[in-house]
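S.K.: Coordinates for the following, if possible.
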Amino acid sequence: MTKADIVERIHQKIGLSKKESAEMVEQVFGIMKSTLEAGEKIKIAGFGNFVVKQKADRRGRNPQTGDAITISARRILTFKPSQVLKCGMNDEEE
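M.R.: Below you'll find the predicted structure:
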């Protein structure tokens, strides 16, 4: 599913114009992006949690040469689905 697909479904289900639907989707994603960039967690009930985690420097190897290298520290984004979403995907009841 693409962003355009989401806009189309909002347009069909809610009845907003495509332009209004697109603006709403852009606003929601913009808020989520800025929140995650600030290192904050996003929790959406019935859907899941988006969490930014910090990874430390670590040792690695260049697979072509076998030389040891240091993989720099970075932030990663993880998503953990809620139990409701997991059950819905597997046609189970909570």
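S.K.: Just the CA trace of whatever helix or strand G88 lives in, in PDB.
M.R.: Here G88 sits within helix 83-89, counting by DSSP states H and E. What follows is helix 83-89, C-alpha atoms only, in PDB (Å, rounded to 0.1, in the frame of the first residue of the first chain):
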ATOM      1  CA  GLN A  83      -1.700  -7.700  20.400                       C
ATOM      2  CA  VAL A  84      -4.900  -6.500  18.700                       C
ATOM      3  CA  LEU A  85      -3.200  -6.200  15.400                       C
ATOM      4  CA  LYS A  86      -1.400  -9.500  15.700                       C
ATOM      5  CA  CYS A  87      -4.600 -11.300  16.500                       C
ATOM      6  CA  GLY A  88      -6.400  -9.600  13.600                       C
ATOM      7  CA  MET A  89      -3.700 -10.700  11.200                       C
END
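S.K.: average pLDDT across that helix?
M.R.: Taken as a whole, helix 83-89 carries a mean pLDDT of 92.
S.K.: Please apply the same query to stretch 36-55.
M.R.: Average pLDDT, stretch 36-55: 96.
S.K.: who's in contact with that stretch?
M.R.: Contacting residues not belonging to stretch 36-55 are listed as 32, 35, 73-82, 84-85 [Cβ atoms under 8 Å, 6 or more residues apart in numbering]. Using the backbone N, CA and C atoms, a C-beta is placed for each residue, glycine as well.
S.K.: In those residues, find the pair that's most separated.
M.R.: Greatest spatial distance in these: A73 and V84, 34.2 Å, computed using Cβ to Cβ.
S.K.: what's the domain layout of the chain?
M.R.: Using automatic domain parsing, the domain ranges for the chain come out as 1-38, 39-94.
S.K.: ok now the last one, how far from the chain's centre?
M.R.: Between the centre of domain 39-94 and the centre of its host chain there is 10 Å, according to Cα atoms, centre = their mean, to the nearest Å.
S.K.: Repeat that for stretch 28-44.
M.R.: From the chain centre to the centre of stretch 28-44 is a distance of 9 Å (Cα atoms, centre = their mean).
S.K.: Noted, bye for now.
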